[in-house]
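Asks: below is the sequence, then the predicted model.
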Amino acid sequence: MQSLTGRLAALSRFVSKVTDKCQPFFQVIRRGKKTEWTPECEEAFRNLKRYLQQAPLLSTPREGDKLYLYPPLEKWALALVVAARKLRPYFQAFPVSVITNQPLRQTLHKPDASDRLVKWAVELSEFDIDYKSRAAIKAQAMADFVAEFTEPEVCLDQQDAVIGNDETQVWQMSVDGSSGERGSGAGIVLEGLEGEKISYAVKLEFAATNNQAEYEALIAGLELAKAVKADRVKIRTDSQLVANHVSERFQPREEKMEQYLKIVRQIMGKFEAVEVIQIPREQNSRADILARMAAVADPKMPKSVPLEVKSSPSIDQNLGVLRIEQKCSWRDPIVSYLRDGVLPPDKLRARKIRAQASRYTMIDGVLYRRGYTLPFLRCLDEDDADYVLREVHEGICGNHSGGRSLAHKVLRQGYLWPTMHQDAQGKTRSCVSCQSFANFSNQPPEKLTSMTSPWPFAQW
């Protein structure tokens, strides 16, 4: 009996609830008398043999097989990490395809992910994991989906209430332009959904009429609303011409006004809804004050109001220069994977890019490097990196610092590329001013030995 219980203890990891199944054996041993094989022990022994003959076992995968993992809907990111930890030998030896209907890859790489998700993304980057969407589902699952997500019919009173709630999701904006003998300027006041107000001023360093200044204020306001990711905007202006041009009540007669109106409509197409209305000048006093102060660059302007300086009209800035030749950059494979999920055919190269991509993210089409303690660092190509090095090293605020200090300065400014330290060293070595005015040591390589004559005039 003791030999049997010892062997069952060795098999306990393969038998669930082994203590309950071996209870008759333990009761016989505890009696302290002569060991007897009871009918309960015989039944328990048969049940154990039956269980071991039908025990669930994991088959050993063969080389070339692909493993499929189906994480649950709740806490699927944590489920994938736990599965990778428990099945680490399989994850390291075989490519794994995660079948899920949730955006798992986008969640692990999104820019506003928590520290825990960032750690999980870095931990999973060492494995060859491929994320795939679920295939066709059965009719019952489709019926359940339709029954769960079908919106109920809304009566007219409820529709009015919904429309009233949508009006609270509209950003309010006041714009105004000012033109005079001392200069031209534009003022913008943007009010958020929770009542917060953002003031912005633009100084126009070119000759502009009052209508042009009004259009410049409208364009700057739309760009500001797009920067804060506003979808629905209601714009108030005291310019009758601009309001009627946008609402198509008036037709522009001048060529410049047509160009301005074309730019405004292009920007308005990026929003869900934009409404431009005319209000009296008395109700637009704050934007008017900002425009007048920006026109003359008044030193009394509050420091909390950003002041932008535009040296050319928006209709001239619309003409862009196209790049004829584009060099291959180190960012291209990472951007292709994060944006389109494209990987090179080489497995080793694909695994390396997948591991690197876990430390990067895309924000408005720009690649950024993220870390645990550092802010987002913008990734630059070769041309932009050379420009940043020149500006930091010998620009207006440059002090011709050394290579190591120059690299750390660029990092604190929020930029990053792989060869940053080597490029910084090369920049300091190739700088003419640094080489001309460097501190050279005039100390001899060894101590000087004084030579004295034993007798005066002995050399003669």
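Replies: Now that the structure is in, tell me what you want to look at. Numbering: from 1, shown residues only.

Asks: confirm that Leu190 sits in a strand.
Replies: Yes - according to DSSP: H, G, I helix; E, B strand; the rest coil, Leu190 belongs to a strand.

Asks: check contacts around the residue nearest to it when sequence neighbours are not counted.
Replies: Sequence neighbours aside, Ile198 is the residue nearest to Leu190 in space, at 4.4 Å (criterion: Cβ to Cβ, 6 or more residues apart in numbering). Where you see a C-beta, it was placed from the backbone N, CA and C, and this is true even at glycine. By Cβ atoms under 8 Å, 6 or more residues apart in numbering, the residues touching Ile198 are 188-192, 224, 228.

Asks: the host helix or strand of Val28 - contacts with which helices or strands?
Replies: Under DSSP states H and E, the secondary-structure element containing Val28 is helix 23-30. Using 3 or more Cβ pairs under 8 Å, 6 or more residues apart in numbering; DSSP states H and E as the contact test, the elements touching helix 23-30 are helix 2-10, helix 39-53.

Asks: circling back: checking my notes, the residue nearest to Leu190 in a helix, right?
Replies: No - Ile198 sits outside any helix when classified using three-state DSSP, being strand.

Asks: from Val392, how far out is it?
Replies: Distance from Ile198 to Val392, counting by Cβ to Cβ, to the nearest Å: 30 Å.

Asks: then Ala355?
Replies: Summarising the geometry, the distance separating Ala355 from Val392, computed by Cβ to Cβ, is 30 Å.

Asks: repeat for Leu108
Replies: 33 Å.

Asks: which helix is the longest one in the chain?
Replies: In terms of residue count, the longest helix belonging to the chain (DSSP state H) is helix 210-227.

Asks: helices of the stretch 351-460 of the chain, residue ranges please.
Replies: Taking DSSP state H, counting those that start in this stretch as the criterion, the stretch 351-460 of the chain carries its helices at 382-394, 403-412, 420-430, 432-436.

Asks: returning to that earlier point: compare Ala355 and Val392 (neighbour count), which wins?
Replies: Val392 (22 against 15; other Cβ atoms under 10 Å).

Asks: which residues touch that one?
Replies: The contact partners of Val392, taken as Cβ under 8 Å, 6+ apart, are 398, 406, 409-410, 413.

Asks: domains of the chain?
Replies: Residue ranges for the domains of the chain, per automatic domain parsing: 2-53, 67-132, 169-312, 332-436.

Asks: could these be laid out in CSV, adding distance to Thr449 and mean pLDDT?
Replies: Supplementary listing: these in CSV, determined by distance: least, Cβ to Cβ, whole Å; pLDDT from 0 to 100:
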stretch, distance to Thr449, mean pLDDT
domain 2-53, 82, 79
domain 67-132, 62, 75
domain 169-312, 65, 88
domain 332-436, 33, 88
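
Asks: take those and lay them out in a markdown table including distance to Pro444.
Replies: Conversion of the domains of the chain to a markdown table gives the following (distance: least, Cβ to Cβ, whole Å):
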| stretch | distance to Pro444 |
| --- | --- |
| domain 2-53 | 77 |
| domain 67-132 | 54 |
| domain 169-312 | 56 |
| domain 332-436 | 23 |
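
Asks: wait, which of these is closest to Pro61?
Replies: Of all the domains of the chain, it is domain 67-132 that lies closest to Pro61, at 6.2 Å by Cβ to Cβ.

Asks: who touches stretch 254-267?
Replies: For stretch 254-267, with Cβ under 8 Å, 6+ apart as the criterion, the contacting residues are 211-212, 215, 218-219, 222-223, 226, 241, 245-246, 252, 314-315, 318.

Asks: can you rerun that using 7 Å?
Replies: Contacts with stretch 254-267, where a contact means Cβ atoms under 7 Å, 6 or more residues apart in numbering, come from 211-212, 215, 218-219, 222-223, 245-246, 252, 314-315, 318.

Asks: for the contacts of Val392, which one is nearest Val276?
Replies: Looking across the contacts of Val392 and measuring by Cβ to Cβ, the closest to Val276 is Gln413, at 38.3 Å.

Asks: show me the contacts for the closest one.
Replies: Per Cβ under 7 Å, 6+ apart, neighbours of Gln413: Val392.

Asks: ok, now how distant is it from Arg349?
Replies: 31 Å.

Asks: swap in Val335?
Replies: To Arg349, Val335 is 15 Å away according to Cβ to Cβ.

Asks: with Ala357 instead?
Replies: When distances are taken as Cβ to Cβ, Ala357 and Arg349 turn out to be 12 Å apart.

Asks: same check on Ser405?
Replies: 35 Å.

Asks: what's the nearest residue to Val366 if we skip its chain neighbours?
Replies: When the adjacent residues along the chain are set aside, Val366 lies closest to Arg378, with 6.4 Å between them (Cβ to Cβ, 6+ apart).
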